[in-house]
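**Q** Here is my input, please return the structure:
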Amino acid sequence: MRFFKGELFSGPGGMSMGAKEASVTHPKTGEVFFIEHRWSKDFDSDTCKTFGKNICGDEEDPSVHLGPVEKLPIGNRDLLPDIDCLTFGFPCNDYSQVGKRHGLEGEYGPLYSYGVKAIKEYQPKFFVAENVGGLQSANEGKAFIQILSEMEECGYNLTPHLYKFEEYGIPQARHRIIIVGIRQDLYESGVHYKVPAPTTPHNYRTSLDAIINPPISDSALNHEFPRHSQKVKDMLSYIPAGANAWHPGIPKELQLKVKGVRISSIYKRLDPERPAYTVTGSGGGGTHMYHWNENRALTNRERARLQTFDDGFEFIGSKVSVRKQIGMAVPVKGAKVIFEAILKTFAGIEYNYVDPEPKVQLGNLVNKKSKNEIAKELTALV
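**A** Next up, the predicted model:
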């Protein structure tokens, strides 16, 4: 069974590559369940070229639409044909713990509504929506409830869950809210999605293992080494693995002169015995992630390894652009786990699962309680 996929806010293709790699064969009938790209959209030119090259085989593939989501002709079947599934990682800027957290009132906060619009228009069999863990508490929890309510009102049974990707073999502590929606008629016929159980709950893959096994070729794509001033290299030489720029062993003359909040990720080295901290795509000096031993920041290919992109996945653009693309992506192998669980659900194949978190009953709950009451319940779980 083939599921045609549309995608909004596609990024460079982490979600789509995970979907592309996911495939399930029914053990009795031999039927193969898989997902195939049909169309996508992103607002960044380099990102669209990266997506086109790696997902479609052509940087200029016409199914990859460039531009603001507000101008995307949702519902125009000539440009955006019917789909069986929709994915959208709506922008997280206004929900992130490290941002100003404007939530629904921010510039990016309301953009989820275009995903809702596409769900209403195409009525896909299922959808997958992704955002940062901070979505749960934005606007005192009200943003999360409003988003869930609008998705549910489209006629879908929802399973929101805070996935901790390091528990699924991803060499990075990346925590994301992912909402899987199954169309109500299919849910009532027995298609019940369950959160796949963690595959490595107590045996995390380390950042060292991800970066050196196998070794990255000197000629690998997007593997240009960064340049640093001598002062930065000298400072790094005093920072042990897992520590940052505020390590007390740094000589006074090399210490950063920063007043106020001291962000923990500044010049922070990886701990080779643990998964990496979260890969990000923006930020100035000191935010580029740093090698546990060598006195330098990671290369973009090393960052891509932490996001579980294969070395053959080529990012298009400048080093700054590529860094941004890698940081905004969904880890490929994490997305694959979720899509495989969805395909098993449609195939009627059992798999190990866990209860979703936060534990808030959906369904008719929105009609039984006020949104403020539900928001308080959600906020208490954050």
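**Q** contacts and neighbour counts: CA atoms only from here.
**A** OK.
**Q** If you count contacts, what does the top helix by length along the chain end up packed against?
**A** Criterion DSSP state H: the longest helix present in the chain is helix 332-347. Under the contact definition 3 or more C-alpha pairs under 8 Å, 6 or more residues apart in numbering; DSSP states H and E, helix 332-347 sits against helix 14-21, strand 23-25, strand 32-42, strand 195-196.
**Q** can you tell me which of these comes nearest to residue 65?
**A** Nearest of the helices and strands packed on helix 332-347 to residue 65, taken as C-alpha to C-alpha: strand 32-42 at 4.6 Å.
**Q** Starting from the closest one, tell me which strands it pairs with and how they run.
**A** Here strand 32-42 is paired, per DSSP bridges, with strand 2-8 (parallel), strand 23-25 (antiparallel), strand 64-66 (parallel).
**Q** Dump that strand to PDB, restricted to CA.
**A** Extracted C-alpha coordinates of strand 32-42, given in PDB (Å, rounded to 0.1, in the frame of the first residue of the first chain):
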ATOM      1  CA  VAL A  32       4.500  -3.700   1.300                       C
ATOM      2  CA  PHE A  33       3.400  -0.500   3.000                       C
ATOM      3  CA  PHE A  34       5.500   2.600   2.100                       C
ATOM      4  CA  ILE A  35       5.400   6.300   1.800                       C
ATOM      5  CA  GLU A  36       6.100   8.300  -1.400                       C
ATOM      6  CA  HIS A  37       6.800  12.000  -1.700                       C
ATOM      7  CA  ARG A  38       4.200  14.000  -3.700                       C
ATOM      8  CA  TRP A  39       4.800  17.700  -2.900                       C
ATOM      9  CA  SER A  40       6.500  19.900  -0.300                       C
ATOM     10  CA  LYS A  41       7.100  23.500   0.700                       C
ATOM     11  CA  ASP A  42       9.700  25.600   2.400                       C
END
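**Q** Can you list the buried residues in it?
**A** 33-42 (16 or more other C-alpha atoms under 10 Å).
**Q** and which of these is nearest to residue 349?
**A** For the buried residues of strand 32-42, the nearest to residue 349 is residue 33 (11.1 Å; C-alpha to C-alpha).
**Q** Quick one: residues contacting the nearest residue to the closest one once chain neighbours are set aside.
**A** Nearest non-adjacent residue to residue 33, counting by C-alpha to C-alpha, 6 or more residues apart in numbering: residue 1, 4.6 Å away. Each residue near residue 1 by C-alpha atoms under 8 Å, 6 or more residues apart in numbering is listed here: 31-34.
**Q** re the thing from before, now the longest helix of the chain against helix 14-21, angle please.
**A** Computed with axes from the mean of the first three to the mean of the last three C-alpha atoms, to 10 degrees, the direction of helix 332-347 lies at 50 degrees from that of helix 14-21.
**Q** can you list contacts of helix 332-347?
**A** 14-19, 21-24, 26, 33-34, 165, 168-170, 191-196, 307-309, 350-351.
**Q** Using neighbour counts, trim those to the buried set.
**A** Buried among the contacts of helix 332-347 (16+ other C-alpha under 10 Å): 14-19, 21-24, 33-34, 165, 168-170, 191-196, 307-309.
**Q** Between the two ends of stretch 246-264, what distance do you get?
**A** 8 Å (C-alpha to C-alpha, to the nearest Å).
**Q** got it, and stretch 310-325?
**A** Distance across stretch 310-325, first residue to last, is 15 Å (C-alpha to C-alpha).
**Q** Distance from that stretch to the middle of the chain?
**A** Mean-position distance between stretch 310-325 and its chain equals 16 Å (C-alpha atoms, centre = their mean, to the nearest Å).
**Q** any chance of the buried residues of strand 32-42 in CSV, plus distance to residue 338 and pLDDT?
**A** Shown next, in CSV, are those (distance: C-alpha to C-alpha, whole Å; pLDDT from 0 to 100):
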residue, distance to residue 338, pLDDT
33, 14, 98
34, 13, 98
35, 12, 98
36, 15, 98
37, 16, 98
38, 19, 98
39, 20, 98
40, 19, 98
41, 21, 96
42, 22, 96
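**Q** quick one: which of those is nearest to residue 289?
**A** residue 42 (25.8 Å).
**Q** tell me the contacts of the closest one?
**A** Taking C-alpha under 8 Å, 6+ apart as the test, what residue 42 contacts is 8-11, 48, 64-69.
**Q** ok, 7 Å please
**A** By C-alpha atoms under 7 Å, 6 or more residues apart in numbering, the residues touching residue 42 are 8-11, 48, 65-67.
**Q** Generate a ChimeraX selection restricted to the buried entries among these.
**A** Buried members of the contacts of residue 42 can be picked out in ChimeraX with the line below, counting by 16+ other C-alpha under 10 Å:
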select :8,9,10,11,48,65,66
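**Q** Please report how far residue 7 lies from residue 207.
**A** 30 Å.
**Q** An error on my part: the question was meant for residue 322.
**A** 20 Å.
**Q** The two - which one has more neighbours?
**A** residue 207 (26 against 22; other C-alpha atoms under 10 Å).
**Q** List the contacts of that one.
**A** 171, 272, 274-276, 306.
**Q** Same question for residue 170.
**A** 205, 308, 333-334.
**Q** With residue 166 instead?
**A** Residue 166 makes contact with 172-174, 204, 275, according to C-alpha under 7 Å, 6+ apart.
**Q** taking the residues you listed one by one, which sit in helices?
**A** Per DSSP H, the contacts of residue 166 never map to helices.
**Q** By neighbours, which of the residues you listed wins?
**A** The residue in those with the most neighbours, by other C-alpha under 10 Å, is residue 172 (27 neighbours).
**Q** Return the distance of that one relative to residue 209.
**A** 11 Å.
**Q** Would you confirm that residue 55 belongs to a strand?
**A** No - per DSSP: H, G, I helix; E, B strand; the rest coil, residue 55 lies outside any strand segment and is helix.
**Q** when you give positions from now on, start the count at 29
**A** With 29 as the first residue, the last one maps to residue 83.
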